[in-house]
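Trainee: I would like to see how this sequence folds:
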Amino acid sequence: MRPATSLTRATLTLLVGSALAQALPLLLGPWIARLYTPAEYGQFSLVWTVASNLAVIGCARYEFALALETGEAGAAALLALCLRLLLAMTGVAIVVGGAWMLWADLSVAAALPLAVLAAAASQALAQWAARAGCFTALAWGRVMQWGGGALAQVGFGLLQAGPWGLIGGATLATAAAAAVQAQPAPAGGWRGLLAPQPLRDMATRHRDFPLLNTPHAFAAALQDTLAVVLLTAWLGAPEAGAWALALRYLKAPATLIGGSLSQVLYPRLTQAASRAEAREMVRRKLLLLAALALPLTLGLLAFGPWLFATVFGPEWRGAGELARSLAPYIGLHFIAAPLSVVLMAWGAQGWGLRLALVGQVLFITGLTIGLKLGGLAGAGWGVSAAMLAYFGYFFWALWTWDTD
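Mentor: Purely as a prediction, here's the structure:
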């Protein structure tokens with residue numbers, strides 16, 4: 001039986017864990033930026049974004065259906081299905097990583113399969129823990145993944161491990177987070193998940209997740225991958241590294257607050273007494289997120305270049321110019337990120353997929369035009385301008401969603 005935990009208490013538990021998890025990367029960020037060059041950061045970011053792109057669909061998004069399974073036996077069977085798909089995606093990553101090494105002579109791509117395995121397992125087990133109401137485990141998992149990753153990257157950096165240190169630290173910490181989130185044990189135990197069992201009915205019952213949510217999630221992750229690839233090809237690895245560092249720290253508030261809120265909000269929306277009650281819940285969270293996003297956006301517009309040059313060093317001032325130009329996009333993303341689970345809870349994944357594809361086209365178009373007109377900072381202004389209409393429509397749709 002799932003423990004009864006209030007939305008506020010669960011969110012606060014995850015917020016405390018996320019705050020601690022993000023504190024270490026923020027504190028150690030200046031040190032990490034001095035231990036690794038922008039070019040090394042660019043190589044790491046290229047491999048890590050590809051790994052994230054594969055990991056986000058590592059279980060074909062079936063892990064997000066765990067909240068819909070009320071029985072323990074059914075939930076265990078669904079988790080077993082996720083495990084088999086995860087292993088299959090790891091096999092795909094082995095092939096992709098090997099081909100990448102031969103084609104681009106990028107040795108760090110050898111770490112791709114392990115990065116995919118760790119990230120996909122952590123994502124699946126986070127949903128497993130959230131379903132069971134184990135929010136303390138989720139909080140510690142965040143501490144392990146983000147805080148532990150920063151500590152490991154510092155350690156490898158002191159050993160002058162180059163891009164291997166960045167990806168190795170991130171992968172080890174993500175694997176540790178998956179282990180922390182692996183509770184409670186499923187019905188039949190963990191070894192029981194590996195036993196042969198009929199899973200076709202389970203896969204069919206939740207087929208909307210691989211059919212509709214998988215392309216949605218893949219397209220969203222592909223956006224980041226294409227951005228790094230375009231920047232590397234157009235401007236070079238150092239500028240791609242500046243983009244990656246800027247986005248990592250600019251999106252940290254969304255990860256801190258949005259990630260905590262979404263993992264609690266999703267199961268609550270599935271359990272709401274009516275669609276009208278769920279819509280009111282979403283409206284309240286949208287207003288709260290907007291109030292938090294406004295000072296973040298204004299601060300980046302006013303102090304972005306100075307902040308990055310002061311904290312990370314003068315060689316990262318370009319990342320600060322980028323931060324200023326991305327400020328409107330970051331504010332909008334901060335609001336939208338935790339609300340993406342609303343569409344899964346409301347059975348609107350088909351609509352969400354169509355809208356997301358439009359968003360990906362707008363993002364890449366704005367990025368490309370901005371690159372051509374203004375280099376790295378221009379890319380940021382292009383993205384901010386292109387995504388303003390997209391996010392505006394998304395928020396309006398959630399606010400006015402038909403409750404009948």
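Trainee: contact partners for residue 97?
Mentor: 109-113 (CB atoms under 8 Å, 6 or more residues apart in numbering). All C-beta spots, glycine's among them, are computed from the backbone N, C-alpha and C.
Trainee: if we use 7 Å, what do you get?
Mentor: 109-110, 112-113 (CB atoms under 7 Å, 6 or more residues apart in numbering).
Trainee: residue 353 is in what secondary structure piece?
Mentor: helix 349-399 (DSSP states H and E).
Trainee: ok, now residue 304?
Mentor: Assigned by DSSP H and E, residue 304 falls in helix 275-312.
Trainee: tell me which other helices or strands that helix touches.
Mentor: If contacts are counted by 3 or more CB pairs under 7 Å, 6 or more residues apart in numbering; DSSP states H and E, helix 275-312 sits against helix 7-35, helix 259-270, helix 317-336, helix 349-399.
Trainee: let's see it at 8 Å
Mentor: Applying 3 or more CB pairs under 8 Å, 6 or more residues apart in numbering; DSSP states H and E, one finds that helix 275-312 makes contact with helix 7-35, helix 237-250, helix 259-270, helix 317-336, helix 349-399.
Trainee: of those helices, which is nearest residue 306?
Mentor: For the helices and strands packed on helix 275-312, the distance to residue 306 is smallest for helix 317-336, at 6.8 Å, taking CB to CB.
Trainee: okay, buried residues for the closest one please.
Mentor: Buried residues in helix 317-336, counted by 16 or more other CB atoms under 10 Å: 317-336.
Trainee: in the protein, where is pLDDT below threshold?
Mentor: Counting by pLDDT under 70, the chain has low-confidence residues at 1-8, 10-11, 14-15, 104-105, 254-260, 263, 403-404.
Trainee: 50 - rerun?
Mentor: For the chain, the stretches with pLDDT under 50 are 1-4.
Trainee: look up how far residue 160 lies from residue 216.
Mentor: 41 Å (CB to CB, to the nearest Å).
Trainee: compare the two (neighbour count), which wins?
Mentor: residue 216 (25 against 10; other CB atoms under 10 Å).
Trainee: ok, the nearest residue to the more buried one once chain neighbours are set aside - how many residues close by?
Mentor: Nearest residue to residue 216 in three dimensions, chain neighbours excluded: residue 353, at 4.4 Å (CB to CB, 6 or more residues apart in numbering). Using other CB under 10 Å, residue 353 has 18 other residues around it.
Trainee: residue 353 touches residue 218, doesn't it?
Mentor: No: here residue 353 does not reach residue 218: they are 10.2 Å apart, not a contact under CB atoms under 8 Å.
Trainee: could you chop the chain up by domain?
Mentor: For the chain, automatic domain parsing gives the domain ranges 1-206, 208-404.
Trainee: centre of the chain to stretch 177-185, how far?
Mentor: Offset of stretch 177-185 from its chain centre (CA atoms, centre = their mean, to the nearest Å): 19 Å.
Trainee: run through who's touching that stretch.
Mentor: Outside stretch 177-185, the residues that reach it (CB under 8 Å, 6+ apart) are 118, 121-122, 125-126, 128-129, 132, 134, 137-138, 140-142, 144-145, 148, 190.
Trainee: filter those down to the buried ones, ChimeraX style.
Mentor: Buried members of those can be picked out in ChimeraX with the line below, counting by 16+ other CB under 10 Å:
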select :118,121,122,125,126,128,129,132,134,137,138,140,141,142,144,145,148
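Trainee: which members of the contacts of stretch 177-185 are positioned in strands?
Mentor: Among those, DSSP state E puts none in strands.
Trainee: ramachandran angles for residue 59?
Mentor: phi -110, psi 20 (degrees, to the nearest 10).
Trainee: no, scratch that, I was asking about residue 58
Mentor: Torsion angles, degrees, to the nearest 10, at residue 58: phi -60, psi -30.
Trainee: ok, and the closest non-adjacent residue to it?
Mentor: residue 120 (2.8 Å).
Trainee: just checking, the one you found touches residue 89?
Mentor: Yes: assessed by CB under 8 Å, residue 120 is found in contact with residue 89 at 6.2 Å.
Trainee: those two: who's more crowded?
Mentor: Using other CB under 10 Å as the criterion, residue 120 and residue 89 rank with residue 120 on top: 29 against 19.
Trainee: list the contacts of that one.
Mentor: Applying CB under 8 Å, 6+ apart to residue 120 gives the contacts 54-56, 58-59, 86, 89-90.
Trainee: in helices, which of those fall?
Mentor: Mapping these onto helices (DSSP state H) picks out 54-55, 86, 89-90.
Trainee: for those, pick the one with the most neighbours.
Mentor: residue 55 (26 neighbours).
Trainee: specify which member of the contacts of residue 97 is nearest to residue 282.
Mentor: Distances from residue 282 to those, taken by CB to CB, are shortest for residue 112, at 36.8 Å.
Trainee: contacting residues for residue 226?
Mentor: Neighbouring residues of residue 226 by CB under 8 Å, 6+ apart: residue 364.
Trainee: quick check: angle from the helix or strand hosting it to helix 237-250?
Mentor: Assigned by DSSP H and E, residue 226 belongs to helix 214-234. Between helix 214-234 and helix 237-250, the angle comes out at 140 degrees (axes from the mean of the first three to the mean of the last three CA atoms, to 10 degrees).
Trainee: list the buried ones in helix 214-234?
Mentor: Buried, per 16+ other CB under 10 Å, within helix 214-234: 214-228, 230-232, 234.
Trainee: just stretch 381-398 next, same as before
Mentor: Neighbour-count burial for stretch 381-398 [16+ other CB under 10 Å]: 381-387, 390-391, 394-395, 397-398.
Trainee: distance-wise, check residue 213 relative to residue 347.
Mentor: Counting by CB to CB, the gap from residue 213 to residue 347 is 11 Å.
Trainee: I misspoke; the intended subject was residue 53.
Mentor: Distance, residue 53 to residue 347, by CB to CB: 26 Å.
Trainee: same deal with residue 288?
Mentor: Residue 288 is 25 Å from residue 347, where distance means CB to CB.
Trainee: so for the two, which sits in the more crowded spot?
Mentor: residue 288 (13 against 10).
Trainee: please tell me how far the more buried one sits from residue 385.
Mentor: For residue 288 relative to residue 385 (CB to CB), the value is 26 Å.
Trainee: could you do residue 338 as well?
Mentor: Residue 338 is 24 Å from residue 385, by CB to CB.
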